[in-house]
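*Asks:* Take this sequence and fold it.
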Amino acid sequence: MAVSDVVDIQSENLIILGIDPGLNNTGYGVISVCGDEVTLVEAGVVKTNPRDEMASRLNEIYCGLGSVIREFNPELMAVEDLYSHFGHPKTAIIMGHARAMVFLQSAQCGVPIETYAATKVKSALTGNGRASKEQMQLMVKTRLKLDRVPKPADAADALAVALCHWHTHFQLQKTAMF
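*Replies:* Alright, predicted model coming up:
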């Protein structure tokens, strides 16, 4: 079943949880969508202690995301695809561990999840798949009608992923209706 089959975003309030996974800071952004109106519900980070063992840090991410999911009860989740340069394979492996906690929570809570390439997120928000971090943050601020750019950057990135998810599925449903 496709995500667009699960929820009709035109007729009801929809909660989307965007995730920017990281071992030190996993950003999350919760948005509420009702038709064309998109509003910020909450954004923040699940922080881990770099001095803790890997298992403890992964547990912290897992439990922290579980708390966010239980509090906001999202209908959909979105996470950025894993991207790594060949020169940094260890980074990709570490990021994969953090992403695994996101996918495990998604599965255990029964929340559908989709992934998006960084270029897709940038393109959905700015029209440019190579947009700078500053451009992305400005578009998040603008789209959510905020007074300032969300901080920390991990939370802003998670909101960008959530907005990409909404934009992608909103456009697909809107196109399918015509």
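
*Asks:* What count of nearby residues applies to residue 73?
*Replies:* Burial of residue 73, expressed as a neighbour count using other Cβ atoms under 10 Å, amounts to 12. To be clear about C-beta, it is placed using only N, CA and C from the backbone, and glycine gets the same treatment.

*Asks:* Helix or strand with the lowest mean pLDDT in the chain?
*Replies:* Lowest mean confidence among the helices and strands of the chain (mean pLDDT, DSSP states H and E): helix 3-6, at a mean of 41.

*Asks:* Following element in sequence after it, please.
*Replies:* Tracing the chain past helix 3-6, the next element assigned as helix or strand by DSSP states H and E is strand 14-20.

*Asks:* What strands flank that next one, and is each parallel or antiparallel?
*Replies:* For strand 14-20, the paired strands and their directions (DSSP bridges) read strand 25-34 (antiparallel), strand 76-80 (parallel).

*Asks:* For residue 157, find the nearest of those strands.
*Replies:* strand 25-34 (5.4 Å; Cβ to Cβ).

*Asks:* Which strand or helix spans the nearest residue to residue 149 once chain neighbours are set aside?
*Replies:* Across the structure, with Cβ to Cβ, 6 or more residues apart in numbering as the measure, the residue nearest residue 149 apart from its sequence neighbours is residue 137 (4.4 Å). When secondary structure is defined by DSSP H and E, residue 137 falls within helix 133-143.

*Asks:* same check, this time on residue 65
*Replies:* helix 54-72.

*Asks:* got the CA positions of that helix in CSV?
*Replies:* Only the C-alpha atoms of helix 54-72 are listed here, as CSV (Å, rounded to 0.1, in the frame of the first residue of the first chain):
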residue,chain,number,x,y,z
MET,A,54,27.8,2.8,20.9
ALA,A,55,25.0,0.5,22.3
SER,A,56,24.1,3.1,24.9
ARG,A,57,24.0,5.9,22.3
LEU,A,58,21.8,3.9,19.9
ASN,A,59,19.4,3.1,22.8
GLU,A,60,19.2,6.8,23.6
ILE,A,61,18.3,7.6,19.9
TYR,A,62,15.7,4.7,19.9
CYS,A,63,14.1,5.8,23.2
GLY,A,64,14.1,9.5,22.3
LEU,A,65,12.4,8.9,19.0
GLY,A,66,9.9,6.6,20.6
SER,A,67,9.0,9.4,23.0
VAL,A,68,8.5,11.8,20.1
ILE,A,69,6.3,9.3,18.2
ARG,A,70,4.2,8.6,21.3
GLU,A,71,3.7,12.3,22.1
PHE,A,72,2.8,13.4,18.5
